[in-house]
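> Predicted model and sequence follow; I will ask about them next.
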Amino acid sequence: MAIGRARLTGATGEEMTARAVVPGQGFRARWDRAWDGLAELPLLLFVLLFVALPAAALFAAGLLRLGSATGWTSLVWGASLGSQVARQALENSLVQGGLSALLAVAWGYPCGVFLGRHRFRGREALLSFLLVPFLLPPLVVVLGIEELLGGSSPLAPTLGGLSHGLPAIVLANVFYNTSIVALFTSAAIANASPRLEEAVTTLGGSGWQSFRDVWGRGSLLGATSGGLLTFLLAFVGFAAPLLLGGPSNYTIEVWIYTLARTVYAAPTAAAGLALWTVGLLVAPAAVYLIVARRAWLLGGRERGSPQLHAVHLRRPGTLTLTAVTGALVLFVGSLLAAVLLLSFRLVGGGWGVENWSMLFSTRTTDAVGITTGQAMVNTLFFAATAAAVVLTLVLLVAFASTRPRREVGLLEGLAFAPVLVSPVILAFALRSFWVGSLATAPFLWTLIVASQAALALPFVLQSVRASLRGLPPNLRSAAQTLGASPWRAFWETDVPLLRPALVAGAAFAFALGLGEFAATNFLYIPTYTTLVVEAYLLETLRLPGPASALGGLLVLVSAAALFLLVRGGNRVRF
């Protein structure tokens with residue numbers, strides 16, 4: 001009877017045996033799918049309520065007010081002064097994004113090859129250190145570039161041109177994203193088959209053949225995905241164009257902020273330009289997701305243990321890769337050191353701690369509208385709450401994603417939506433959508449937390465999924481066979497193995513929240529001022545002493561977050 005049923009259903013012998021051994025398997029499968037759906041529901045609701053619906057409502061309202069597609073088109077291609085400014089901002093975004101992506105790939109790819117192909121003492125620490133630029137508050141990078149290359153810096157006579165305008169903006173973007181290209185490249189190389197490389201070596205293959213047949217394609221795909229992400233982030237750059245470039249270098253993101261939040265208030269035009277921005281970013285974002293999947297960064301193939309080689313500096317190629325990687329580390333370290341030194345240099349000359357005293361003085365409090373201590377509390381609270389939200393959502397998705405059927409798809413696309421929308425547009429949409437409820441005090445802080453969580457979510461989810469691919473495939477199934485519920489089996493078998501990735505992801509989200517500027521600057525009111533917003537206010541109010549001290553404080557806070565990130569061997573993985 002069982003054999004006849006197998007023939008009728010087309011089942012294999014193994015499937016028939018499994019069905020015979022496990023009674024009620026059909027019910028259990030439906031029950032498991034229901035658990036998966038419930039686990040994914042919070043992420044879907046979060047993206048729907050705090051990204052998709054607000055953005056859709058903003059775009060729809062903008063199109064309705066503009067009256068027609070012609071009105072929307074004329075925002076950029078019309079003859080008015082506003083259209084010319086918008087068109088210039090769009091061109092700036094394309095130029096800055098393109099140059100930043102090219103330079104980040106040119107510098108980050110050899111660094112990624114060095115990290116992905118070589119073993120050396122401190123490799124894991126260096127991989128974690130390379131996340132520092134991505135997690136630094138934008139104001140710290142701006143202060144660092146100005147201090148390192150401009151003013152009275154010893155480098156000013158030769159490199160002073162890099163401290164302002166387009167070169168400074170591109171340099172800031174390269175600082176942010178070169179390490180991301182390097183990490184993506186290294187992660188893609190780690191997915192290459194060690195057995196295949198051993199076979200190529202055994203058969204007498206050269207290094208070029210190993211590159212061509214084993215790890216080269218993956219490394220190029222990883223670098224390409226990093227370059228595309230750099231383009232997306234630089235295209236909607238905010239802090240660097242706002243503070244280093246001036247109006248002639250404003251990106252479309254800065255111009256949207258100017259129209260929506262300043263004395264040039266024109267919310268309809270801002271909403272129309274926001275739709276322009278998202279429309280232009282759809283194609284590169286889709287290509288990024290496709291390329292990242294092909295590089296096995298977002299899912300699919302389970303990564304193995306990479307084959308690492310000793311560093312032989314006598315080889316010209318290895319020496320070059322080592323020098324390029326060392327230059328990146330030196331660049332990052334020099335900028336951080338410059339910010340810390342700046343915090344002790346007095347405005348009138350000399351050195352001392354007066355800048356730090358002024359930071360906590362009543363003069364600074366009166367200028368900003370809040371004490372630095374209160375801003376610190378706000379910053380830590382928002383970042384910690386956002387990290388808790390992200391950790392909860394990712395943990396639930398991990399519960400559903402450990403099943404083999406879960407490949408890259410809808411979840412990753414939805415989680416990536418905040419990057420596509422951009423921080424300023426996200427904040428603009430949240431403020432418009434939740435007006436009269438969450439967008440007013442005392443509930444406005446929830447939108448600040450939601451924006452920070454949304455911006456960190458895609459990176460943390462990507463990292464945890466990378467760790468999920470290394471879990472034993474049948475461990476949870478064995479626990480359920482012994483009678484454990486799906487959630488208990490996940491909690492007692494998978495979570496302990498995922499703990500380093502989850503801790504690192506939470507610390508990453510926390511650090512990203514500490515430095516988030518664009519969305520928070522759009523949403524805040526004085527009561528909810530954060531340290532990064534306070535630093536921007538001090539810069540605009542021409543209070544360089546307290547501003548430099550606050551830059552140093554932000555470096556120390558970010559360093560503490562990095563310590564949490566790498567403590568116990570935790571590391572965000574791509």
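Arrived safely. All values reported here derive from a predicted model rather than from experimental measurement. Numbering: from 1, shown residues only.

> average model confidence for stretch 384-400?
Here stretch 384-400 scores 89 as its mean pLDDT.

> Over to stretch 508-521?
pLDDT averaged over stretch 508-521 gives 89.

> spatially speaking, which residue is in the middle of the protein?
Taking Cα atoms, centre = their mean, the centroid of the chain lies closest to residue 459, which sits 5.1 Å from it.

> In a strand, it, correct?
No: read with DSSP: H, G, I helix; E, B strand; the rest coil, residue 459 is helix and lies in no strand.

> any idea what sits nearest it, other than its immediate chain neighbours?
residue 508 (6.6 Å; Cβ to Cβ, 6 or more residues apart in numbering). Every C-beta, even on glycine, is put in place using the N, C-alpha and C of the backbone.

> The one you found touches residue 462, doesn't it?
No: with contacts counted by Cβ atoms under 8 Å, residue 508 stays clear of residue 462, the gap being 10.5 Å.

> ok, back up a step: roughly how far apart are the residue nearest to the centre of the chain and residue 235?
In this view, residue 459 and residue 235 are 18 Å apart by Cβ to Cβ, to the nearest Å.

> same deal with residue 471?
36 Å.

> Which of the three states applies to residue 484?
Following three-state DSSP, we place residue 484 in the coil state.

> which residues does it contact?
residue 492 (Cβ atoms under 8 Å, 6 or more residues apart in numbering).

> Look up phi and psi at residue 214.
phi -120, psi -70 (degrees, to the nearest 10).

> got it, and the one 4 residues further on?
Note on residue 218: backbone dihedrals following degrees, to the nearest 10 are phi -60, psi -40.

> What's the local residue count around it?
For residue 218, the neighbour count with other Cβ atoms under 10 Å is 23.

> ok, and the closest non-adjacent residue to it?
Nearest to residue 218 is residue 188, by Cβ to Cβ, 6+ apart, at 4.1 Å.

> so the one you found makes contact with residue 226?
No: counting by Cβ under 8 Å, residue 188 stays clear of residue 226, with 9.2 Å between them.

> more neighbours, these two?
residue 226 (33 against 30).

> on that earlier part again, what residues are shared contacts of residue 188 and residue 226?
Shared contacts of residue 188 and residue 226 (Cβ under 8 Å, 6+ apart): residue 112.

> List the buried residues of the strand or helix carrying residue 115.
Here residue 115, judged by DSSP states H and E, is contained in helix 81-117. Buried residues in helix 81-117, counted by 16 or more other Cβ atoms under 10 Å: 82-83, 85-86, 88-90, 92-101, 103-105, 107-117.

> next SSE after it?
strand 118-119.

> chain center to the helix or strand just after that following strand, what's the gap?
For strand 118-119, the succeeding helix or strand toward the C-terminus, using DSSP H and E, is helix 123-129. Relative to the centre of its chain, helix 123-129 is centred 18 Å away, using Cα atoms, centre = their mean, to the nearest Å.

> which is the next helix or strand following helix 123-129?
Next along from helix 123-129, by DSSP H and E: helix 132-135.

> For that next one, list the C-alpha coordinates in PDB.
The C-alpha coordinates for helix 132-135 follow below in PDB (Å, rounded to 0.1, in the frame of the first residue of the first chain):
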ATOM      1  CA  VAL A 132      35.500  51.800  12.300                       C
ATOM      2  CA  PRO A 133      35.100  54.200   9.400                       C
ATOM      3  CA  PHE A 134      31.700  53.000   8.500                       C
ATOM      4  CA  LEU A 135      30.500  53.400  12.100                       C
END
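
> Which positions within that helix qualify as buried?
Buried, per 16+ other Cβ under 10 Å, within helix 132-135: 132, 133, 134, 135.

> I'd like the residues you listed as JSON lines, with distance to residue 527 and pLDDT appended.
What follows is the buried residues of helix 132-135, written out as JSON lines (distance: Cβ to Cβ, whole Å; pLDDT from 0 to 100):
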{"residue": "132", "distance to residue 527": "31", "pLDDT": "80"}
{"residue": "133", "distance to residue 527": "31", "pLDDT": "83"}
{"residue": "134", "distance to residue 527": "29", "pLDDT": "79"}
{"residue": "135", "distance to residue 527": "26", "pLDDT": "77"}
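
> got TSV for these, with distance to residue 192 too?
Output for these, formatted as TSV (distance: Cβ to Cβ, whole Å):
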residue	distance to residue 192
132	27
133	26
134	24
135	28
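
> Closest to residue 292 out of those residues?
Closest approach between the buried residues of helix 132-135 and residue 292, by Cβ to Cβ: residue 134, at 16.1 Å.

> where do the helices sit along the stretch 451-574 of the chain?
475-481, 486-489, 495-515, 518-523, 531-540, 544-566 (DSSP state H, counting those that start in this stretch).

> which residues of this structure fall in strands?
Secondary structure of the chain (DSSP state E): strands at 118-119, 309-310.
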